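S.K.: Kindly generate the corresponding structure for this input.
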Amino acid sequence: MARRLPVYLLLDTSESMIGPPLKCLEEGVQHMLRTLLKNPFALETVHVSVISFAAGAQVLVPLTDLQDVRLPPLSVRPGTAMGTALRLCLDSMTREVVRTTSDRKGDYRPLVFILTDGEPTDEWRGPASMLKNMHPRPSITALGCGDEAEFGCLTEIADVAVSLEDVTREGMEKLFAWVSASVAVTSRAAGTGDGADHWTVSLEKAPMRDGLRLVKPGDAPPRAARPRLFIHGICRRTGGKYLVVYRAAPSGGLYVSQGTFPLPDDFYADGKAPSAPADGSLLRGPATCPYCGNDGMVYCHVCRSSYCWKSDDPADSYHCTGCGRSFELSSDGSFDVSGSQG
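M.R.: Purely as a prediction, here's the structure:
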């Protein structure tokens, strides 16, 4: 069997990626695959695996010949289990990567790309250390997206860390164009025998594009002072689950709605989202239910569940289908609500 260049993509599909960012991520990966398919060296050597991570991690695509890769639709989940993804990547490489022996040349040094827009919600140092100490040791690149990526851990995990300022379609396309250029450089080195086993990202041959920058340890871009807030809503009419995304306003301590998105039926299959209590009186903007169109939300102060409601039709009390109790709106407008931070 010909020597392969294994490429592992670890993709953050936590709730913070819901909506346009997730779509942009899918399009970015597809753009990378199409680009590599046009490269004769990549066609000959590159094999790709895709691992998604949120509450847990799963292999979406096992290590597969480039021309046979079919990316399934990505789906969001709560949490950012990067440590679990690193461990799954380690297990996958142990099974899939062919090692060099005394009588056989094994696969080329694997390339690992980790994309995330937040910070891990599980223990990651142990799996990261095991991954960096395995043989053959993979080359690890971290791709931090947006202003909430935690580069403190990314620069510790990866050999190279890259920052993408804006998680947009254009930004993701630039990011994955850089990734595909980096893989192409390595596949060419593999095809010509030019030292691919000792590969590091070539910044000269795969230069940074506008909106991307190399991040060195201790030189991380500033993170948002207050992270986004995600309120998990329930439609009182249909029982459908949805997510309201809030971003911190520049001043005043308020959070402004950025949109409402229905959640897949199996969103909580891997576990509940990590709780992040917040003062509901600081939330501003529409929280329109995507199922029935109600334009507001009420919050059960007993179990902190959130339900849609019609703002021009208030009631004296509400019944919570979560805990079964009745509750009233706070008289002073302040109330705690259970959300999460992606």
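S.K.: Next up, the contacts around Leu43.
M.R.: Leu36, Leu37, Leu66, Gln67 (C-beta atoms under 8 Å, 6 or more residues apart in numbering). To be clear about C-beta, it is placed using only N, CA and C from the backbone, and glycine gets the same treatment.
S.K.: tell me the contacts of the second one?
M.R.: The one in question is Leu37. Neighbours of Leu37 in contact, by C-beta under 8 Å, 6+ apart: Leu43, Leu66, Gln67.
S.K.: Filter those residues down to just the ones in helices.
M.R.: Counted as lying in helices by DSSP state H, out of the contacts of Leu37, are Leu43.
S.K.: Would you mind putting the contacts of Leu37 into a markdown table with pLDDT alongside?
M.R.: Output for the contacts of Leu37, formatted as a markdown table (pLDDT from 0 to 100):
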| residue | pLDDT |
| --- | --- |
| Leu43 | 94 |
| Leu66 | 97 |
| Gln67 | 96 |
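S.K.: with the contacts of Leu37 in mind, which one is nearest to Gly324?
M.R.: Leu66 (53.8 Å; C-beta to C-beta).
S.K.: Test of understanding: give the bridge partners of the closest residue to the closest one other than its chain neighbours.
M.R.: Distances taken as C-beta to C-beta, 6 or more residues apart in numbering place Val46 nearest to Leu66, at 4.4 Å, with adjacent residues excluded. Beta-bridge partners recorded for Val46 (DSSP bridges): Leu5.
S.K.: Going forward, count from 13.
M.R.: All right, first residue 13 from here; so that's Val58.
S.K.: Return the residues in contact with Val58.
M.R.: By C-beta under 8 Å, 6+ apart, the residues touching Val58 are Arg16, Leu17, Val19, Leu48, Leu78, Val195, Ser199.
S.K.: Give me the local confidence score for the last one.
M.R.: The predicted structure scores Ser199 at 85 on the pLDDT scale.
S.K.: Dihedrals phi and psi, it?
M.R.: Main-chain dihedrals, Ser199, degrees, to the nearest 10: phi -70, psi -40.
S.K.: follow-up on the earlier one: now intersect the contacts of Leu55 with the strands, please.
M.R.: Among the contacts of Leu55, no member is found in strands (DSSP state E).
S.K.: Buried ones from the residues you listed, can you make that a PyMOL selection?
M.R.: Remark: buried members of those, expressed as a PyMOL selection using 16 or more other C-beta atoms under 10 Å:
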select buried, resi 48+78
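S.K.: With distance to Asn145 as extra columns, can I get the contacts of Leu55 in CSV?
M.R.: Shown next, in CSV, are these (distance: C-beta to C-beta, whole Å):
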residue, distance to Asn145
Leu48, 29
Leu49, 33
Leu78, 28
Gln79, 33
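S.K.: Tell me how far Ala97 lies from Pro90.
M.R.: Distance of Ala97 to Pro90, computed by C-beta to C-beta, to the nearest Å: 15 Å.
S.K.: more crowded one of these two?
M.R.: Neighbours per residue (other C-beta atoms under 10 Å) separate Ala97 from Pro90, with Ala97 holding more: 28 against 24.
S.K.: got a pLDDT number for the nearest residue to the more buried one once chain neighbours are set aside?
M.R.: Nearest-residue entry for Ala97: Phe65, 3.6 Å, with adjacent residues in sequence omitted and distances by C-beta to C-beta, 6+ apart. Note on Phe65: pLDDT of 96.
S.K.: one step back: which of the contacts of Leu55 sits closest to Asp103?
M.R.: Among the contacts of Leu55, Leu78 lies closest to Asp103 (C-beta to C-beta), at 22.1 Å.
S.K.: wouldn't the closest one be in contact with Thr47 here?
M.R.: No - if you go by C-beta atoms under 8 Å, Leu78 and Thr47 don't touch, sitting 10.7 Å apart.
S.K.: Now do the helices in the stretch 63-212 of the chain.
M.R.: Using DSSP state H, counting those that start in this stretch, the helices of the stretch 63-212 of the chain run over 94-108, 137-144, 163-169, 181-204.
S.K.: Out of these, which gets nearest to Pro74?
M.R.: Closest among the helices of the stretch 63-212 of the chain, once you apply C-beta to C-beta, is helix 94-108, at 6.9 Å.
S.K.: Buried residues of that closest one, list them for me.
M.R.: Quick answer for helix 94-108 (16+ other C-beta under 10 Å): Met94, Gly95, Thr96, Ala97, Leu98, Arg99, Leu100, Cys101, Leu102, Ser104, Met105, Glu108.
S.K.: isn't the third one right next to Pro132, touching?
M.R.: When you say that, I think you mean Thr96. No - under the criterion of C-beta under 8 Å, Thr96 is not in contact with Pro132, lying 9.1 Å apart.
S.K.: Identify whichever of the helices of the stretch 63-212 of the chain lies nearest to His244.
M.R.: Proximity to His244 (C-beta to C-beta) singles out helix 94-108 among these, at 21.6 Å.
S.K.: Report the distance from that closest one to the chain centre.
M.R.: Remark: helix 94-108 is offset 16 Å from the chain centroid, using C-alpha atoms, centre = their mean, to the nearest Å.
S.K.: ditto for stretch 260-277
M.R.: Worked out by C-alpha atoms, centre = their mean, stretch 260-277 lies 18 Å from the chain centre.
S.K.: First-to-last residue distance for that stretch?
M.R.: Taking C-alpha to C-alpha, to the nearest Å, the first and last residues of stretch 260-277 lie 28 Å apart.
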